[in-house]
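K.L.:
Quick one, what's the 3D model for this:
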Amino acid sequence: MATTPSPDVETVSSGADKAKLAVAALLVVGGIVAFYTLGKDGWVRIAALLGLIAAGVAVFFVSEAGKQLIAYGRDSIKEARKVVWPTRKESLQMTGYVFAFVVVMALFLWLTDKTVEWVLYDLLLGWRR
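P.N.:
I've put the predicted structure just below:
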């Protein structure tokens, strides 16, 4: 039984969009190459690196993938604002419960370890220390 794809999902990208992504990648690579090939003047190297990387990022954000990334970020912020965060009192109570549980488990594991040690070494093997 075939299912129809969701209308929200677009799997085909245009040639222009692929070209934008290629140009963005080339600008970033060009910035890195320029940084290592330019002379000893540090400011020129850093300016070329940052300028070409910024241009690559700008071209990326103009592409469809960049627009989807921006929309995802906006949706994430919108969802994070909907979260009901615990109060300080609730956070302290839950932290106390976790610490108490850890202490109880540590005692239980220590007691279990000592019991197994006693059974193995003292009762079964007869080793006395």
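
K.L.:
alpha carbons only for contacts and neighbour counts from here, please
P.N.:
OK.

K.L.:
Rounded mean pLDDT for the helix ranked longest in the chain, please.
P.N.:
If you go by DSSP state H, the chain has its longest helix at helix 88-117. For helix 88-117, the mean pLDDT works out to 97.

K.L.:
What residues sit buried inside that helix?
P.N.:
For helix 88-117, the buried set under the neighbour-count rule, 16 or more other Cα atoms under 10 Å, is empty.

K.L.:
How far does that helix sit from its chain's centre?
P.N.:
30 Å (Cα atoms, centre = their mean, to the nearest Å).

K.L.:
Ok, stretch 115-129 next?
P.N.:
A distance of 49 Å separates the centroid of the chain from that of stretch 115-129, by Cα atoms, centre = their mean.

K.L.:
List the buried residues of it.
P.N.:
Quick answer for stretch 115-129 (16+ other Cα under 10 Å): residue 118.

K.L.:
Next: stretch 53-65.
P.N.:
Buried-residue list, stretch 53-65, by 16+ other Cα under 10 Å: 53, 54, 55, 56, 57, 59, 60, 61, 63, 64, 65.

K.L.:
The third one and residue 80, how far apart?
P.N.:
As defined by Cα to Cα, to the nearest Å, residue 55 lies at a distance of 30 Å from residue 80.

K.L.:
Over to the fourth one?
P.N.:
With distances defined as Cα to Cα, the gap from residue 56 to residue 80 amounts to 29 Å.

K.L.:
Surely residue 23 touches residue 56?
P.N.:
Yes - in this structure residue 23 lies within contact range of residue 56 using Cα atoms under 8 Å: 7.2 Å.

K.L.:
Report the mean per-residue pLDDT for stretch 48-57.
P.N.:
94.

K.L.:
got a list of contacts for it?
P.N.:
23, 24, 25, 26, 27, 28, 30, 31, 32, 34, 35 (Cα atoms under 8 Å, 6 or more residues apart in numbering).

K.L.:
which stretch of helix or strand covers residue 19?
P.N.:
Element membership for residue 19 (DSSP states H and E) is helix 15-37.

K.L.:
Tell me which residues are up against that helix.
P.N.:
Helix 15-37 has contacts (Cα under 8 Å, 6+ apart) with 45-46, 48-53, 55-60, 62-64.
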